[in-house]
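Participant: Here's my sequence, what's the structure:
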Amino acid sequence: MIRNPVKKEFRGRRNYTLLKTGLVLFLCSTTLISLMVGRFDVPPYDVINAIFSGFIPSPDLSPTVRSVIVDVRLPRVIAVILVGAALSVAGAAFQGLFRNPLVSPDILGVSAGAGFGAALALLLTENIFITQTFAFLFGIIAVGLAYMISRVYRVSTTLTLVLAGIVVAALFQALTSLVKYVADPLNKLPAIVFWLMGSFNHISNSDLMVAGPLLLGGMFILYLVRWRINVLSMGEEDARALGVDIRQQKAIIIISATLISAAAVSICGIVGWIGLVIPHVGRILVGPDHKLLIPIAALVGATYLLIVDTVARTVTVTEIPIGIITALVGAPVFAYLLRKTQTGWK
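Facilitator: All right, here's what the predicted structure looks like:
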């Protein structure tokens, strides 16, 4: 019996479309639930009215409900969705670029640099804008320093860049420890420690206006070069043989992922394991093709982080730092995925 490859391809596209549609609907329902629950529960009808109150006035809507949804919860939910999706996309791109399933978006030291910048700002001032600016700038500086170190050698390979990132991350982690050592243990130190553990509790519309374009722009660029990531994941020699400018494409991917990571850390602190675990989940669902993987990773990452954030702010009286939950969930899940998918890169 002769099989029809066209029919098989159509069936694969149909399954992918169904999967993506299901993930979008799941994300929408999770978003609605996240907006409903909290210290002050809001019915779904009032949530929808509050969201559209800027376009369609609703006289029955309480000003308190509108303020809770529009001014407090909605910016936070949007930020969580953007950060979860962006970190997942950056992790998938880096794992493809470096051909290593153990790579995460902070492999080049961006999180360590951003953490030091935020800790230094918190030591010197209490201004949240300065803290976010320092975190973003030092995240960029850390990756730039890693790239400069890797260029010291005549032959700058991917492994050299990764090793340089490890060195830079260790340096900035030591500097962060020094800042915590000299910080006031009653006021400054708790603020630094809590910020480094990650949280979305201070997100505002101004944060979205600044970090949102960086997160969306980074994801959009990585989506545009998704087929080039496929080529680079085959190896530099094969990519060069296919006519791909290795240095240019590496720069585009690294800069985009760095902007994503620095912007994410600057508004919510260090949230680990998202960019490491979620791409593995995406590969189980759709395989290693980045044309399919990147959109799925974005949807899964956004939904996962939104669920985690909802649990973090509702399960106890005081909010749990989100970095603790992502680590508690991510570590065993990642161990299971490694056992299921093997440790090699295919």
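
Participant: rest of the way, CA atoms for contacts and neighbours
Facilitator: Will do.

Participant: pLDDT at the residue nearest in space to the middle of the chain, what is it?
Facilitator: Residue closest to the mean C-alpha point of the chain, counted by CA atoms, centre = their mean, is Leu87 at 1.9 Å. Looking at Leu87, its pLDDT stands at 96.

Participant: Please identify the helix or strand for it.
Facilitator: Using DSSP states H and E, Leu87 sits in helix 74-98.

Participant: May I have the residues that are in contact with the closest residue in space to Pro44 that isn't next to it in sequence?
Facilitator: In space, and not counting its chain neighbours, Pro44 is closest to Met36: 6.4 Å by CA to CA, 6 or more residues apart in numbering. Residues near Met36 by CA atoms under 8 Å, 6 or more residues apart in numbering: Val42, Pro43, Pro44, Val47.

Participant: Going by neighbour count, which of the residues you listed comes out on top?
Facilitator: Val47 (23 neighbours; other CA atoms under 10 Å).

Participant: Can you pull the phi/psi pair for it?
Facilitator: Dihedral pair for Val47: phi -60, psi -50, per degrees, to the nearest 10.

Participant: what sits against it?
Facilitator: Leu32, Leu35, Met36, Ile69.

Participant: Ser53 in helix, strand or coil?
Facilitator: coil (DSSP: H, G, I helix; E, B strand; the rest coil).

Participant: show me the contacts for it.
Facilitator: Arg66.

Participant: Tell me the confidence at it?
Facilitator: Listed pLDDT for Ser53 reads 81.

Participant: what comes up buried for stretch 14-27?
Facilitator: Neighbour counts over stretch 14-27 (16 or more other CA atoms under 10 Å) mark Tyr16, Lys20, Leu23, Val24, Leu27 as buried.

Participant: And for that stretch, what's in contact with it?
Facilitator: Taking CA under 8 Å, 6+ apart as the rule, stretch 14-27 contacts Val286, Ile296, Leu299, Val300, Ala302, Thr303.

Participant: Determine how far that stretch lies from the middle of the whole chain.
Facilitator: The chain centroid and the centroid of stretch 14-27 are separated by 21 Å, computed with CA atoms, centre = their mean, to the nearest Å.

Participant: what's the average pLDDT for it?
Facilitator: Across stretch 14-27, the per-residue pLDDT values average to 93.

Participant: swap in stretch 298-306?
Facilitator: pLDDT averaged over stretch 298-306 gives 97.

Participant: same check, this time on stretch 339-346
Facilitator: 56.

Participant: With stretch 127-142 instead?
Facilitator: Averaged over stretch 127-142, pLDDT sits at 94.

Participant: Dump the C-alpha coordinates for that stretch into PDB.
Facilitator: Only the C-alpha atoms of stretch 127-142 are listed here, as PDB (Å, rounded to 0.1, in the frame of the first residue of the first chain):
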ATOM      1  CA  ASN A 127      13.700  54.200  44.000                       C
ATOM      2  CA  ILE A 128      12.200  51.300  42.000                       C
ATOM      3  CA  PHE A 129      12.900  53.000  38.600                       C
ATOM      4  CA  ILE A 130      16.600  53.200  39.400                       C
ATOM      5  CA  THR A 131      16.600  49.600  40.600                       C
ATOM      6  CA  GLN A 132      15.100  48.400  37.300                       C
ATOM      7  CA  THR A 133      17.400  50.500  35.300                       C
ATOM      8  CA  PHE A 134      20.500  49.300  37.100                       C
ATOM      9  CA  ALA A 135      19.300  45.700  36.700                       C
ATOM     10  CA  PHE A 136      18.700  46.100  33.000                       C
ATOM     11  CA  LEU A 137      22.000  47.900  32.300                       C
ATOM     12  CA  PHE A 138      24.200  45.500  34.300                       C
ATOM     13  CA  GLY A 139      22.500  42.500  32.600                       C
ATOM     14  CA  ILE A 140      23.600  43.900  29.300                       C
ATOM     15  CA  ILE A 141      27.100  44.700  30.600                       C
ATOM     16  CA  ALA A 142      27.500  41.100  31.900                       C
END
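
Participant: Of all the residues in that stretch, which ones are buried?
Facilitator: Those buried within stretch 127-142 under the rule 16+ other CA under 10 Å are 130-142.

Participant: Just want the angle from the lengthiest helix in the chain to helix 74-98.
Facilitator: In the chain, with assignment by DSSP state H, the single longest helix is helix 5-36. Relative orientation of helix 5-36 and helix 74-98, computed by axes from the mean of the first three to the mean of the last three CA atoms, to 10 degrees: 140 degrees.

Participant: which residues does Ala164 contact?
Facilitator: By CA under 8 Å, 6+ apart, the contact set of Ala164 is Leu108, Ala146, Tyr147, Ile149, Ser150.

Participant: Quick check: of these, which lies closest to Pro213?
Facilitator: Closest approach to Pro213 among the contacts of Ala164 (CA to CA): Leu108, at 22.2 Å.

Participant: Can you tell me the SS state at that closest one?
Facilitator: Classification of Leu108 by three-state DSSP places it in coil.

Participant: helix or strand for the residue nearest to Arg66 when sequence neighbours are not counted, which one?
Facilitator: Leaving aside its sequence neighbours, Arg66 sits nearest to Ala50 (CA to CA, 6+ apart; 5.0 Å). Using DSSP H and E, Ala50 sits in helix 44-51.
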